[in-house]
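> no sequence on this one, just coordinates:
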């Protein structure tokens, strides 16, 4: 199976493996941080028989999410931006390490992917912002069968978008995906 990972699942995985994710995650859909970490850990253990992808926009988004979250607490202090950045940047390396360990392919955002993201009318109708449109367009270009995400607006696209083979893509959160891998 070909699988695409949205940015948030990397935070789920890092909850119990790195300090940064604990500041981002507060549970989801009635599941604790520990359960989120366990669910994606179960998924990652099953990835060895699948082709798994994410986009290099994921690397931007993990740092941006961490930076914004830390800025809420520490922003406004003189020179805080520099120090918040130094605390945020490690999550990129942690995410890249996760990808390396589990053979997750980090796809480049190319002009055709960006063009698809920009012009896809269905994404616009669904209110999907450009970052997630890039994720979805990358998934489509990689002919994935499943997208794993914690974002409601992506999960709501289950069976509504087609991959490059013209087959409907399934969209699941980690608790469901782990049982299907």
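Okay, I see it. What you see is a predicted model, and the numbers here were worked out from it, not measured in a lab.

> quick check: next helix or strand after the helix or strand of the chain at the bottom of the mean pLDDT ranking?
Ranking every helix and strand in the chain by mean pLDDT, DSSP states H and E puts helix 80-88 at the bottom, with a mean of 87. Next helix or strand after helix 80-88 toward the C-terminus (DSSP states H and E): helix 90-101.

> by contact count, what packs against that following helix?
Counting contacts by 3 or more CB pairs under 8 Å, 6 or more residues apart in numbering; DSSP states H and E, helix 90-101 packs against helix 8-14, helix 57-74, strand 105-107. C-beta here means a position set from N, CA and C on the backbone, and glycine is covered the same way.

> CSV for these, including mean neighbour count?
Shown next, in CSV, are the helices and strands packed on helix 90-101 (neighbours: other CB atoms under 10 Å):
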stretch, mean neighbour count
helix 8-14, 25
helix 57-74, 18
strand 105-107, 16
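
> wait, which of these is closest to residue 114?
Of all these, helix 57-74 sits nearest to residue 114, with 9.8 Å by CB to CB.

> residues contacting that closest one, please?
5-7, 10-11, 20, 23-24, 80-81, 83-85, 87-89, 91-92, 94-96, 106, 109, 131, 134-135, 138 (CB atoms under 8 Å, 6 or more residues apart in numbering).

> in a markdown table: the helices and strands packed on helix 90-101, plus distance to residue 120.
Formatted as a markdown table, the helices and strands packed on helix 90-101 follow (distance: least, CB to CB, whole Å):
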| stretch | distance to residue 120 |
| --- | --- |
| helix 8-14 | 21 |
| helix 57-74 | 15 |
| strand 105-107 | 17 |
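
> to residue 150, which of the ones you listed lies closest?
Here helix 8-14 is closest among the helices and strands packed on helix 90-101 (CB to CB), at 4.2 Å.

> phi, psi for the residue lying farthest from the centre of the chain please.
Distance to the chain centre peaks in the chain at residue 78, reaching 32.2 Å (criterion: CA atoms, centre = their mean). For residue 78, the backbone dihedrals are phi -50, psi 130 (criterion: degrees, to the nearest 10).

> where's it relative to residue 67, distance?
17 Å (CB to CB, to the nearest Å).

> now swap in residue 28 and tell me
Counting by CB to CB, the gap from residue 28 to residue 67 is 21 Å.

> how about the helices and strands packed on helix 90-101, which one is nearest residue 144?
When those are compared for distance to residue 144 using CB to CB, the nearest one is strand 105-107, at 10.6 Å.

> who does the next helix or strand after that closest one touch, helix- and strand-wise?
Downstream of strand 105-107, the first helix or strand assigned by DSSP H and E is helix 111-119. On a contact count with 3+ CB pairs under 8 Å, 6+ apart, helix 111-119 meets helix 130-141.
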